[in-house]
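Asks: turn this into a model:
(one chain, ligands or ions: 1)
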Amino acid sequence: MTLLLMYPTFTCKLNHYISHKPSVKWGVNRQFAFSSCSKNSRTSDCIKLRVSSDNSQEKWFFTYKDEEIHRLLLGGEKDNSASVDGFQLVPQSGDIEVSNFHADKEEKVVDDDLTKEKLTEVTYNIVFVTSEASPYSKTGGLGDVCGSLPIALAARGHRVMVISPRYMHGGPSDEKFAGTTDLDCRTKVYCFGGAQDVDFFHEYREGVDWVFVDHPCYHRPGNPYGDMYGAFGDNQFRFTLLCHAACEAPLVLPLGGFTYGEKCLFLANDWPAGLVPVLLAAKYRPHGIYKDARSIAVIHNLSHQGVEPAATYGNLGLPSEFYGALEWVFPTWARTHALDTGQAVNILKGAIVTSDRILTVSQGYSWEITTPDGGYGMNELLTSRKSVLNGITNGIDVTEWDPSSDEHIASHYTVDDLSGKVGFIGRLDYQKGIDIILSATPALLQDDVQFVMLGSGEKQYEEWMRATEAAFSYKFRGWVGFNVPISHQITAGCDILLMPSRFEPCGLNQLYAMRYGTVPVVHGTGGLRDTVKTFNPYAKEGKGEGTGWAFSPLTRECTLNALRVAIRTYRDHKTTWEGLMRRGMERECSWDNAAVQYEQVFQWAFIDPPYAS
Ligand SMILES: Nc1ncnc2c1ncn2[C@@H]1O[C@H](COP(=O)(O)OP(=O)(O)O[C@H]2O[C@H](CO)[C@@H](O)[C@H](O)[C@H]2O)[C@@H](O)[C@H]1O
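Replies: The predicted structure follows:
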């Protein structure tokens, strides 16, 4: 948390520092407290603010080191719900000396613990737009994040809607939507040369409005993006429709009796939601709608950008003058034939140049995407927007992923009761370093280890898993497919989780692994480097520190070396291993911390006028 104190005008921003619930309204006697002090001296230096109000007059009192100081309130800045979010005070003459306040100097105080304890002061109407949200739909980490972060934000007092498609695959997964009801609010959206009728389904669960856009294009076998024959050919249409519908939803859906209205904050997750910030700027604001709304482009994976031929621009329901926002020209070497001009539209680019802020899912990745290596062609663009680019490490759903109560595992355990237990879980593609696993496995299986893999993706890797299991059935098991219970069982059952990702915006499996006492061995990149601390046996007077191994560079040799060090530690140094497990299990990984950081970014988003209008 950052507290701004300025003297002698003594202006304090109270946002996030006042410890009262958002539902508490202004106008009755209230006592608030906030701290201006460092972690270690919190108690002694605490400044308390007491406000006494009889609805006509507000008197403000400060207590500093148990001494009460009366101040004149110059102006209380209140938000729409009449909660105070800032104030200005004039010190009386002969002002007391307060040692923490430095003349004409800004003081920044960081106190994470304190932040965590407090609910938010300013609440927002938040609209997550996403192609997947667990448990309704999930093919990877995006589903996890959009299924759990909204709940954490709602618990902090925000009004939160998550809007995603109502996928009907014609199988058991359709049951996940059984609790939703048709809002009977058919709406027309205009794209792809005509009017499209969409319906909205809804379920209010865990404080969140889960809204599902219904349209025949979401009703087909497969997963949200494709089927056994590959990606669906009309994905641009399917997600354009989602974005148009998502922009209408806050205006037209009376959820709990009230619409979300125009003053909301859109979180556009990855390219499928990338048209949302563009639509706000191009379609709505010119007509005076959504002038008070803001948008944040959240990048979970920059390697997918939603790029289609330039000729498709006319389908997107955007005015021609916004073509430049989406315009994308492939370099000459990437063109496919002599007549290829390289002209394309890039939806994620549109989001990056029109959103008010940009977020990635770890700090490391927010830097990597500004470099040529990690930028996937967007590095210069992202660098130009660096001042509004932040990284916040994902949290995890600590209820779903809890080794003491997990419904998918046979025996439960806690950090105080560790009992006996190399795995890999993930999409079988280039990002996840699957080629490295392929090349390292024969050597690894020479050692006394068993290796279990769960994943689906590229056919050649699925075939390799089947063939390796057939050849080394006593040492290797490969489960081809997407199976949540098995992912929990592998996470709980393994001693080591291997993640040789080539790049990893955040990575969730290493977080799940640490929570389950399974030690991660990862390539030190992006969010993996941010979250897995390499074991150091000499730290802390020989007690050791770290939660796993983050190796680099990403080669077969380095992967094998790191795995062998880990395996030796497991085998020969049981106490040390237990320390690694314990530290991983005790690591803070809930959404609480991240939710507070998200709120800070929300606050920043509303400081400036809309970036694009
Ligand atoms: N075969 C299978 N069966 C069952 N479950 C499976 C599975 N394959 C994957 N999963 C699950 O899908 C999720 C994968 O999450 P990750 O964060 O590791 O990667 P992903 O690349 O999808 O997400 C992107 O978005 C997330 C969220 O921001 C970032 O953490 C990440 O770095 C970025 O690449 C985990 O919950 C995992 O258990």
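Asks: can you give me the helices for the stretch 451-600 of the chain?
Replies: For the stretch 451-600 of the chain, the helices defined by DSSP state H, counting those that start in this stretch occupy 459-471, 484-493, 509-515, 526-531, 556-572, 574-586, 591-607.
Asks: around the ligand, pick out the residues from the protein.
Replies: Residues of the chain that fall close to the ligand, judged by CB under 6 Å from any ligand atom: 140-142, 144-145, 300-301, 361, 394, 425-427, 454-456, 482-484, 487, 504-509, 527. C-beta: built from backbone N, CA, C; applies to glycine.
Asks: what number of residues lie near the nearest residue to residue 606 once chain neighbours are set aside?
Replies: Among residues not flanking residue 606 along the chain, residue 294 sits closest, at 5.7 Å (CB to CB, 6 or more residues apart in numbering). Residue 294 sits with 25 neighbouring residues when counted by other CB atoms under 10 Å.
Asks: for stretch 512-519, list the C-alpha coordinates in PDB.
Replies: Taking Å, rounded to 0.1, in the frame of the first residue of the first chain, the C-alpha atoms of stretch 512-519 are listed here in PDB:
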ATOM      1  CA  TYR A 512      -1.200 -25.300  -7.400                       C
ATOM      2  CA  ALA A 513       1.900 -27.600  -7.000                       C
ATOM      3  CA  MET A 514       3.400 -25.500  -4.300                       C
ATOM      4  CA  ARG A 515       0.100 -25.300  -2.400                       C
ATOM      5  CA  TYR A 516       0.000 -29.200  -2.500                       C
ATOM      6  CA  GLY A 517       3.600 -29.600  -1.300                       C
ATOM      7  CA  THR A 518       4.800 -30.600  -4.800                       C
ATOM      8  CA  VAL A 519       8.100 -29.000  -5.600                       C
END
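Asks: now that stretch: mean pLDDT?
Replies: Averaging pLDDT along stretch 512-519 gives 97.
Asks: for stretch 438-446, same thing?
Replies: Mean predicted confidence for stretch 438-446 is 94.
Asks: just the helices from the stretch 251-400 of the chain, written as ranges.
Replies: Using DSSP H, counting those that start in this stretch, helices in the stretch 251-400 of the chain cover 275-279, 323-326, 347-354, 363-368, 379-384.
Asks: what does the longest one contact?
Replies: The one in question is helix 347-354. For helix 347-354, contacts defined as CB atoms under 8 Å, 6 or more residues apart in numbering pick out 236, 239, 268, 270-271, 273-278, 280-282, 295, 297, 299, 302, 304-308, 322, 325-328, 358, 378, 381-382, 385, 611-612.
Asks: circling back: right, and the residue nearest to residue 606 touches residue 356 too?
Replies: Yes: contact status for residue 294 versus residue 356: in contact at 4.5 Å, counting by CB atoms under 8 Å.
Asks: overlap in contacts, these two.
Replies: Counting by CB under 8 Å, 6+ apart, the contacts common to residue 294 and residue 356 are 605, 610.
Asks: selecting buried members of the contacts of helix 347-354 in ChimeraX, what would you type?
Replies: Entered in ChimeraX, the line below selects the buried ones among the contacts of helix 347-354, by 16 or more other CB atoms under 10 Å:
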select :236,239,268,270,271,273,274,275,276,277,278,280,281,282,295,297,299,302,304,305,306,307,308,322,325,326,327,328,358,378,382,385,611,612
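Asks: so of the contacts of helix 347-354, which ones are in strands?
Replies: 268, 295, 297, 299, 307, 308, 327, 328, 358 (DSSP state E).
Asks: residues in contact with the last one?
Replies: Going back to what we said before, that points to residue 358. Neighbouring residues of residue 358 by CB under 8 Å, 6+ apart: 296, 297, 298, 299, 352, 382, 385, 388, 389, 390.
Asks: just list whatever residues bridge to the fourth one.
Replies: Each beta-bridge partner of residue 299 is listed here: residue 360, as defined by DSSP bridges.
Asks: and it, what pLDDT?
Replies: For residue 299, pLDDT reads 98.
Asks: quick one: it and residue 361 touch, right?
Replies: Yes: using CB under 8 Å, residue 299 makes contact with residue 361 at a distance of 7.5 Å.
Asks: please enumerate the shared neighbours of the two.
Replies: Shared contacts of residue 299 and residue 361, defined by CB under 8 Å, 6+ apart, are found at residue 505.
Asks: quick one: residue 293 and residue 545, what's the gap?
Replies: Noted for residue 293: a distance of 45 Å to residue 545, by CB to CB, to the nearest Å.
Asks: who has more neighbours, those two?
Replies: Neighbour count, other CB under 10 Å: between residue 293 and residue 545, residue 293 has more, with 26 against 15.
Asks: tell me who's in contact with that one.
Replies: Neighbours of residue 293 in contact, by CB under 8 Å, 6+ apart: 262, 263, 264, 265, 266, 280, 610.
Asks: and the gap between it and the ligand?
Replies: Distance, residue 293 to the ligand, by CB to the nearest ligand atom, to the nearest Å: 23 Å.
Asks: repeat that for residue 334.
Replies: The value you get for residue 334 to the ligand, if CB to the nearest ligand atom is used, is 23 Å.
Asks: buried residues, stretch 338-351. List them.
Replies: Within stretch 338-351, the residues scored as buried using 16+ other CB under 10 Å are 344, 345, 346, 347, 348, 349, 350, 351.
Asks: just the endpoints, please. Distance across that stretch?
Replies: 30 Å (CA to CA, to the nearest Å).
Asks: just give me how far it sits from the chain centre.
Replies: Centre-to-centre, stretch 338-351 and its host chain are 27 Å apart (CA atoms, centre = their mean, to the nearest Å).
Asks: please name the nearest non-neighbouring residue to residue 334.
Replies: Nearest-residue entry for residue 334: residue 342, 6.9 Å, with adjacent residues in sequence omitted and distances by CB to CB, 6+ apart.
Asks: right, and the one you found touches residue 329 too?
Replies: Yes: counting by CB under 8 Å, residue 329 is a contact partner of residue 342 at 4.9 Å.
Asks: what ranges of the stretch 101-250 of the chain fall below the confidence cut-off?
Replies: 101-119 (pLDDT under 70).
Asks: all helices for it, in order.
Replies: Using DSSP H, counting those that start in this stretch, helices in the stretch 101-250 of the chain cover 112-117, 141-155, 235-252.
Asks: for the stretch 101-250 of the chain, which segments are assigned as strands?
Replies: Using DSSP state E, counting those that start in this stretch, the strands found in the stretch 101-250 of the chain span residues 125-129, 159-165, 181-182, 187-191, 194-205, 208-214, 226-227, 230-231.
Asks: redo those as CSV? Include mean neighbour count.
Replies: Formatted as CSV, the strands of the stretch 101-250 of the chain follow (neighbours: other CB atoms under 10 Å):
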stretch, mean neighbour count
strand 125-129, 26
strand 159-165, 26
strand 181-182, 12
strand 187-191, 17
strand 194-205, 16
strand 208-214, 24
strand 226-227, 13
strand 230-231, 10
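Asks: make a markdown table from those strands and add distance to residue 476 to it.
Replies: Shown next, in a markdown table, are the strands of the stretch 101-250 of the chain (distance: least, CB to CB, whole Å):
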| stretch | distance to residue 476 |
| --- | --- |
| strand 125-129 | 39 |
| strand 159-165 | 36 |
| strand 181-182 | 47 |
| strand 187-191 | 48 |
| strand 194-205 | 40 |
| strand 208-214 | 40 |
| strand 226-227 | 28 |
| strand 230-231 | 28 |
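Asks: which of those sits closest to residue 438?
Replies: Taking CB to CB, strand 230-231 is the member of those nearest to residue 438, at 21.8 Å.
Asks: how distant is that closest one from the center of its chain?
Replies: Offset of strand 230-231 from its chain centre (CA atoms, centre = their mean): 26 Å.
Asks: which residues sit against it?
Replies: Contacts of strand 230-231 (CB under 8 Å, 6+ apart): residue 225.
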